[in-house]
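Enquirer: Below: sequence and its predicted model.
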Protein chains: 2
Amino acid sequence: MSLGCAACPVRDRAACSVLAEDERDALARLGRLRTVRRGETLFSAGSDPAACATLTSGALKIASYGADGAEHILALVHPAGFVGELFQPFVHHDVVALVDSTLCVFAGPDMAAAIEHYPALARALLRRTQEDLHASRSIQALAGRNSGRARVAGMVLAFAQAASDSPCHPAPRFDLPLSRGEMANMVGLTIETVSRQLTALERAGAIARDGKRGIELLDPALLAAACD
Amino acid sequence: MSLGCAACPVRDRAACSVLAEDERDALARLGRLRTVRRGETLFSAGSDPAACATLTSGALKIASYGADGAEHILALVHPAGFVGELFQPFVHHDVVALVDSTLCVFAGPDMAAAIEHYPALARALLRRTQEDLHASRSIQALAGRNSGRARVAGMVLAFAQAASDSPCHPAPRFDLPLSRGEMANMVGLTIETVSRQLTALERAGAIARDGKRGIELLDPALLAAACD
DNA sequence: CGACTCCTTGAGGTAATTCAACTTGTGTGG
DNA sequence: CCACACAAGTTGAATTACCTCAAGGAGTCG
């Protein structure tokens, strides 16, 4: 099936946007569009080695699962993001759709060949991967804080910034992209602790909750102060 | 100063090893060899944006520091590893030498130009960065476990595998690359807890300690079982 | 309306932190 | 060479914070 790059919502932000029109069309013929529903697993740990994808709409989580089945969320993927361990023999982490999503999926070897053929694509993916690496380390720093208050506050602040249009200022009003359980799995706490810390932040006047996932930033400075 | 690639201990493993002889020599003229002593900071968060380096000998840690000065170790860098946030406007994380180290340092723009000029270099760095990303997420999964026992056991096992020549089997005898405090900062525990868990693992018969940093793996399976 | 999922709140137990003392190892200088 | 100081690690006791278990709301869907 054709990918219809012309109608792609991330055509000017994804890695492939660095290619010329005809190059991108050639690449598009190697890939296929796929839709995954909320909760559906795109890649599974230990499964077929080589596949990768650009997220065109929706949201994904990258997670590992302990022996007891406990989920640990390692990263979130937003539209125009790239997922796939190109050079690893096995997939190590699961990729699951947080909401209904559409992706542009490529077979590993095809993408490897494309990287050989289009140097600009390799550079774009290098840039994106370095950004992912930085994001991963930021989450690591967040989850490594000792206080549960700091972890929850930092996570809320990170979501506020991710939800904002401007790169610096956090959005004053946004929806949490994760359930309580997922938030807990991301920063290494329990559902109950996350819930309690949110109510504590609300009582402190830093945030206001609107429904289960709505958050209003009443006092960003106070929230930031809670991140220490 | 000349870099002397011919004598470089990582000349066949570092990213630049994918270049032809003359290409590598040309790249070498853009970089400079630098030695840093144990504890010395190579890059500092917030400092001049663009510099990067390949580690030729020694070991580095990548760390972030909280408002109160608490260190959080995000990654370890081994010889042939690459450090530097090429595309970020600011450096976000400190890079500190764990032991006396030598590096091949490049100015950011020079390396960016080299990446433009040598597609193979871009691909090599992409591969290396994806591996770093995977390693980062592994540490994240390790530090996110709830039990302190599991974190320390997993960390010891990871060090054993890193110290081994063969990629699969852990080294039966090795030295911890980090102090107790650094180990604690890496997995989000305190010095005392790390110490207690190590003695507990020793009493359980999983490991034996030899001096402050020496570790002997008595029962790898038992150690692995403690990682759940 | 009832079943379900998700979230909140409470009470009690437990594991990690904190504070503190002591040990060990290392290097320096008398 | 020994004494001393200093850094790093271990161990103990008490506290705190998070986890576990449990019950009860709030929203959604058939």
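Expert: Here it is on my side, so go on.
Enquirer: For chain B, tell me whether stretch A:15-23 is touching it.
Expert: No. Counting by CB under 8 Å from any CB of the partner chain, no contacts exist between stretch A:15-23 and chain B, the nearest distance being 10.7 Å. The C-beta positions use only the backbone N, C-alpha and C, and glycine is treated the same way.
Enquirer: Just the buried residues of that stretch, please?
Expert: Neighbour counts using 16 or more other CB atoms under 10 Å in any protein chain shown place A:15-19, A:23 of stretch A:15-23 among the buried residues.
Enquirer: I'd like the distance from that stretch to the chain centre, please.
Expert: Chain-centre distance of stretch A:15-23: 23 Å, with CA atoms, centre = their mean, to the nearest Å.
Enquirer: May I have it as PDB, with CA atoms only?
Expert: What follows is stretch A:15-23, C-alpha atoms only, in PDB (Å, rounded to 0.1, in the frame of the first residue of the first chain):
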ATOM      1  CA  ALA A  15      13.600  11.600  10.100                       C
ATOM      2  CA  CYS A  16      12.600  11.100   6.400                       C
ATOM      3  CA  SER A  17      11.900  14.800   6.000                       C
ATOM      4  CA  VAL A  18      15.600  15.400   5.200                       C
ATOM      5  CA  LEU A  19      15.200  13.400   2.000                       C
ATOM      6  CA  ALA A  20      14.400  14.900  -1.400                       C
ATOM      7  CA  GLU A  21      10.900  14.300  -2.700                       C
ATOM      8  CA  ASP A  22      11.800  11.500  -5.000                       C
ATOM      9  CA  GLU A  23      14.100   9.900  -2.400                       C
END
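Enquirer: Show me which residues of chain A sit near DNA strand D.
Expert: A:147-149, A:188-190, A:192-193, A:211-212 (CB under 7 Å from any atom of the strand).
Enquirer: Got a ChimeraX select line for the buried ones in these?
Expert: One line in ChimeraX is enough to select the buried members of those, burial here meaning 16+ other CB under 10 Å:
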select /A:148,149,188,189,193
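Enquirer: restrict the residues of chain A next to DNA strand D to those near chain B?
Expert: By CB under 8 Å from any CB, the members of the residues of chain A next to DNA strand D lying near chain B are residue A:188.
Enquirer: Give me the subset of the residues of chain A next to DNA strand D that also touch DNA strand C.
Expert: Taking CB under 7 Å from any atom of the strand as the test, DNA strand C is in contact with A:192, A:212 out of these.
Enquirer: thinking again about what came up before, I'd like to know which of the buried residues of stretch A:15-23 are part of helices.
Expert: By the criterion of DSSP state H, membership of these in helices covers residue A:23.
Enquirer: from the buried residues of stretch A:15-23, which two are the most distant?
Expert: The most widely separated members of these are A:15 and A:23, with 12.3 Å between them, by CB to CB.
Enquirer: what mean pLDDT does stretch A:137-155 have?
Expert: Mean pLDDT, taken over the full extent of stretch A:137-155, equals 93.
Enquirer: Touching that stretch from outside, list them.
Expert: Counting contacts by CB atoms under 8 Å, 6 or more residues apart in numbering or on different chains, the residues outside stretch A:137-155 that touch it are A:74-75, A:158, A:183, A:186-189, A:193-194, A:197-198, A:200-201, A:206, A:223-224, A:226-228, B:62, B:64, B:66, B:72, B:74-75, B:92-93, B:136, B:139-140, B:143-144, B:185-188.
Enquirer: What are the buried residues along that stretch?
Expert: The neighbour-count check on stretch A:137-155 (16+ other CB under 10 Å) flags A:137-145, A:148-155 as buried.
Enquirer: can you check stretch A:114-125 too?
Expert: Of the residues in stretch A:114-125, those scored as buried under the neighbour-count criterion (16+ other CB under 10 Å) are A:114-115, A:118-125.
Enquirer: From the contact counts, what lies against whichever strand or helix holds residue A:42?
Expert: Using DSSP states H and E, residue A:42 maps to strand A:41-43. Contacts of strand A:41-43 with other secondary structure elements, assessed using 3 or more CB pairs under 8 Å, 6 or more residues apart in numbering or on different chains; DSSP states H and E, are made with strand A:94-97.
Enquirer: where along chain A do the strands fall?
Expert: Using DSSP state E, the strands assigned to chain A run over residues A:32-36, A:41-43, A:51-57, A:60-65, A:71-77, A:82-83, A:94-97, A:101-107, A:173-175, A:207-210, A:214-217.
Enquirer: Out of those strands, which is closest to residue B:47?
Expert: With CB to CB, the closest approach to residue B:47 among these belongs to strand A:71-77: 26.5 Å.
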